[in-house]
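Q: Sharing a model prediction with you, sequence too.
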Amino acid sequence: MIESEKIHKIRSLIKKQNLVVILTHANPDGDAIGSSLALGLYLKKLKIPVNIIIPDSVSYTHLRAHETVLDLVCRL
């Protein structure tokens, strides 16, 4: 488990940034997309601009029928 002091240091470093870019791995799965979007929403809550880059095409089998990755990212 990460110590709260380390979490505080990481949070302080992130808050100092003008922009954070989140990049998923190649051929992202649902975990990669979900964790990227979750971190993006957290950064948005901290009022930190964030760009999420998904470098490859995505299999939509893990998304609900009416959602696409673009829909989810645009909601950020």
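A: That came in fine, so what should we check first? Here the structure is a predicted model, which means the values were calculated and not measured.

Q: so where do the strands sit in this structure?
A: 20-23, 50-53 (DSSP state E).

Q: Adding mean pLDDT, write the ones you listed out as a markdown table.
A: Rendered in a markdown table, the data for the strands of the chain read as follows (pLDDT from 0 to 100):
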| stretch | mean pLDDT |
| --- | --- |
| strand 20-23 | 94 |
| strand 50-53 | 91 |
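
Q: so which of these is the most packed in?
A: Comparing those by mean neighbour count (mean count of other Cβ atoms under 10 Å), strand 50-53 ranks first with a mean of 15. (C-beta placed from N, C-alpha, C; glycine too.)

Q: Show me what that strand is packed against.
A: Packing contacts for strand 50-53, counted by 3 or more Cβ pairs under 8 Å, 6 or more residues apart in numbering; DSSP states H and E, involve strand 20-23, helix 30-45.

Q: what are the pairing partners of it, and which direction each?
A: strand 20-23 (parallel) (DSSP bridges).

Q: so where is this protein shaky, pLDDT-wise?
A: 1, 59-76 (pLDDT under 70).

Q: Go through the strands of the chain and name the closest to residue 30.
A: Across the strands of the chain, residue 30 has its closest neighbour in strand 50-53 (14.5 Å, Cβ to Cβ).
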